[in-house]
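> got a predicted structure here, sequence first:
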Amino acid sequence: MTDKNLLSLLTGEVVEECKPLTLVELCQICDSSVEQITEIVEEGIVDPQGADSDSWLFHGVSVGRIRFVLRMERDLGVNTAGSALVIELLEELAFVRTQLGEK
C-alpha cells in the first residue's frame, strides 16, 4: 500500500451528533443530491425536524443511515424502498438480539 493510499484510507469527517445539519450540509457530507435525500426522507428512513425541505434539520445519526442507503443502491442496485426494509429488519434483529442478551 502506498503512502497516498494509506492517506486516503485514513481520511474521514467527524459529524457531531449534537449539532443538527441542514439539508445542504447533509448533501455535502453524504456526497448526495437534494433529490436523493428527499426520496430517503419520503421513504421514512430519516426524519428531519422542520416543516419543509428549506427548514429541515438532521441529526448526526442520519448520516450513517443515508450513506447506508446510498451504498445499497450503488453496490447492490437496491432501491430506496428496499433499503428502508433492510434497515427495518436490521433494527428488529438488533432488538431481538438485545432481548436475548446477545451482542
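Received, thanks. Numbers count the residues shown, from 1 in each chain.

> residue 26 should be in a strand, yeah?
No. Under DSSP: H, G, I helix; E, B strand; the rest coil, residue 26 sits outside any strand and is assigned helix.

> got the confidence number for residue 21?
In this model, residue 21 is scored at 93, pLDDT.

> next: residue 8.
Listed pLDDT for residue 8 reads 54.

> spit out the contact partners of the nearest residue to residue 54 once chain neighbours are set aside.
Excluding the flanking residues, the one nearest residue 54 by Cβ to Cβ, 6 or more residues apart in numbering is residue 23, at 7.8 Å. The C-beta positions use only the backbone N, C-alpha and C, and glycine is treated the same way. Listed by Cβ atoms under 8 Å, 6 or more residues apart in numbering, the contact set of residue 23 reads 34, 37, 48, 53, 54, 56, 58.

> excluding residues flanking it in the chain, which one is nearest the fourth one?
For residue 53, ignoring the flanking residues on the chain, the nearest one in space by Cβ to Cβ, 6+ apart is residue 23 at 5.8 Å.

> how far away is that neighbour from residue 56?
Per Cβ to Cβ, to the nearest Å, residue 23 is found 5 Å from residue 56.

> which residues do these two both contact?
residue 48.

> now the helix ranked longest in the chain: average pLDDT?
Ranked by number of residues, the top helix in the chain under DSSP state H is helix 80-100. When pLDDT is averaged along helix 80-100, the result is 95.

> give me the phi and psi for residue 49.
Main-chain torsions, residue 49, degrees, to the nearest 10: phi -90, psi 150.
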